[in-house]
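S.K.: Below: sequence and its predicted model.
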Amino acid sequence: MRLVQSPLAWCALKNDFERKTQRRVPEDIGLRLTFTLRDYSEGLAGLFWRNFYGPPFIRMFGQRLDALPAECREPLGEDIVLVQPYELPTEADTEAGRARERELISLLGPECFYDHEHHTLPTRRPVLHALGQPLH
């Protein structure tokens, strides 16, 4: 994250990543593949196996990060927090994994995440400067 100066990093299996970042939209003939969000300036597509949040996201979540179960949250220095909903990446595609994601999203604030059920953008987004980079 520091090397590429990004305030956000994810680690997930391909099918979980695609399920949360893409959707198929019906057209006159067939389906069109589109993205749920263009980039992190629009908010978050969901929770993945490992979610590394930098300063803009730490500020956006605020005290809500402290509400997460201790086994799901790990500070990595002063400016990065790891949120890991489940132990293994393969758990993302299980009912228990999806339930855990919903639980953590409810604690962090559902308004910060893309609503996959209603296909609506997050209403709460990280504060970035005009060029899309995080404020430090």
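M.R.: Great, that's in hand.
S.K.: ranges for the strands of the protein?
M.R.: 8-11, 22-26, 31-35, 50-53, 73-75, 81-83 (DSSP state E).
S.K.: Okay, Arg98 and Tyr86: tell me how far apart.
M.R.: According to Cβ to Cβ, to the nearest Å, Arg98 and Tyr86 sit 10 Å apart. C-beta coordinates here come from the backbone N, C-alpha and C atoms, glycine included.
S.K.: That should have said Leu65, apologies.
M.R.: In terms of Cβ to Cβ, Leu65 sits 18 Å off from Tyr86.
S.K.: Do you know the pLDDT at the residue lying closest to Tyr53 once chain neighbours are set aside?
M.R.: Nearest non-adjacent residue to Tyr53, counting by Cβ to Cβ, 6 or more residues apart in numbering: Val81, 4.9 Å away. For Val81, the pLDDT comes out at 97.
S.K.: for Glu27, same thing?
M.R.: The model reports Glu27 with a pLDDT of 89.
S.K.: What of Leu135?
M.R.: With respect to pLDDT, Leu135 has a value of 52.
S.K.: Count residues in the vicinity of the closest residue to Phe113 other than its chain neighbours, would you?
M.R.: Nearest non-adjacent residue to Phe113, counting by Cβ to Cβ, 6+ apart: Leu44, 4.9 Å away. Using other Cβ atoms under 10 Å, Leu44 has 26 neighbouring residues.
S.K.: Equivalent analysis for Leu65, please.
M.R.: Around Leu65 there are 17 residues (other Cβ under 10 Å).
S.K.: List the contacts of it.
M.R.: Counting by Cβ atoms under 8 Å, 6 or more residues apart in numbering, Leu65 touches 53, 58, 73, 81, 83, 108.
S.K.: what about it, distance to Gly30?
M.R.: Distance of Leu65 to Gly30, given as Cβ to Cβ: 42 Å.
S.K.: picking that back up, with neighbour numbers in mind, choose between Arg98 and Tyr86.
M.R.: Tyr86 (20 against 16).
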